[in-house]
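[1] below are the sequence and a predicted model for it; my questions follow.
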Amino acid sequence: MAHMIDRMMYAGEEPWHGLGRRLPETCDSETLRNLVFDWHAQERAVSYQGADGDEPADDYKALVRSDNGKLLCVAPKTYGVVQYADALALLDAASASGVTKYITAATLDEGRRAFALAAIPSATFDVAGSEVKPYLLLSTSHDASLALRVHFTGVYVVCNNTLTAALGGAGVSVGGRAQTRHIPNVIMLKHTSKVSDRLAIVTRLVEQATSYFGAFHERALQLVNQRYATSEMRDLARVLFPISDKQEADRRQYGVESASHKAQATVVRLFDGAQRAAAPAPGTRWAAFNAVTEFVDHHARRTGATPAALAEHRFDATIFGAGAKVRQTALDLLLAA
């Protein structure tokens, strides 16, 4: 597992992955800075062993942790460093005004990645009798693996699944036809030398979250009001978890089912009523989306030598990895048809 939890704190209800330590119920950005982000990335010169000894690598710099000196990455000189404590400025204004409430924050992979999650209590809405809670997910890195970005995301609280409601900015092509353009759910900045100058601009853009969730609510109701048959769910599962000709031949000849075979069967079974909680709006596109979400968060195969490592792998895949892409694809297809 590459992205082990380094430090993690949370306020209120324990996260579904069971990781972290509880924060005070009322948590502000200063608390997070003191308990989670109390160190910073320091820039160091880089050298290499040349023919005549050590030579400076003038176009590169190393980033190390100020508290323990561990190497975070070697990056080009143009790589802009935004300290994790400073990145919280994206959410500070909304938190100070009471619009948002910090829920959790963490550093991952010995500090190379970080995130903070803030709820928007006033924007909670109901879909088919189930509560959906809007959140802002701030993520960034000190190893060039992530740009500084803020995601608008929601949690379906009946079964505590994480819904990355990724209404992609690009048109979705289904059956050769370009479909409706959806509202993007991410604000992103690259790590350049001028990134700090643009933080003030992004702070204002965070206000778009309420508008985004209003649009997502409309899309969710659109899914609730459209019937969806099991045969259609099977077709969606085939797109999300494709099976190669060799995998199908092995199944027929040897009775060996691939991970894709099992994934397709499981997600259809969840749609047909096997979800952990009562299926919201059964037989609809909304139920199909929640079936995919539950599979990604709770049923997809993960590896880990210990329960904690397994939870970390599941968390990483859900937030940053393949799981988020599967959910986005499913949502785009369900909305575009």
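    Cool, got the structure. Numbers count the residues shown, from 1 in each chain.

[2] low-scoring stretches of the stretch 201-337 of the chain, by residue?
    Low-confidence segments of the stretch 201-337 of the chain, defined by pLDDT under 70, span residues 201-208, 210, 276-280, 300-324, 337.

[3] repeat that with 50
    Across the stretch 201-337 of the chain, the ranges flagged by pLDDT under 50 are 304.

[4] and the helices in the stretch 151-300 of the chain?
    For the stretch 151-300 of the chain, applying DSSP state H, counting those that start in this stretch gives helices covering 199-205, 208-224, 230-240, 245-254, 259-269, 285-294.

[5] relative to Gly129, which of those is closest?
    Nearest of the helices of the stretch 151-300 of the chain to Gly129, taken as C-beta to C-beta: helix 208-224 at 9.8 Å. Heads up, the C-betas are built off the backbone N, CA and C, glycines and all.

[6] how is this protein divided into domains?
    Structurally, the chain divides into domains by automatic domain parsing as follows: 5-49+57-216, 226-336.

[7] show me what Glu131 is bridged to.
    On the basis of DSSP bridges, Glu131 is bridged to Asp126.

[8] hang on, Glu257 packs against Ile243?
    No - counting by C-beta atoms under 8 Å, Glu257 stays clear of Ile243, with 9.5 Å between them.

[9] which residues does stretch 259-271 contact?
    With contacts defined as C-beta atoms under 8 Å, 6 or more residues apart in numbering, stretch 259-271 is touched by 228, 230, 233-234, 237-238, 240-244, 247, 251, 279, 287-288, 291-292, 294-295, 299-301.

[10] just the CA atoms of that stretch, as CSV, please.
    Extracted C-alpha coordinates of stretch 259-271, given in CSV (Å, rounded to 0.1, in the frame of the first residue of the first chain):
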residue,chain,number,x,y,z
ALA,A,259,-12.3,-10.2,-11.3
SER,A,260,-14.4,-8.5,-14.0
HIS,A,261,-16.9,-11.4,-14.1
LYS,A,262,-17.3,-11.2,-10.3
ALA,A,263,-17.6,-7.4,-10.4
GLN,A,264,-20.3,-7.5,-12.9
ALA,A,265,-22.3,-10.1,-11.0
THR,A,266,-21.9,-8.3,-7.7
VAL,A,267,-23.0,-4.9,-8.9
VAL,A,268,-26.1,-6.3,-10.6
ARG,A,269,-26.9,-8.2,-7.4
LEU,A,270,-26.6,-5.0,-5.4
PHE,A,271,-28.9,-3.2,-7.8
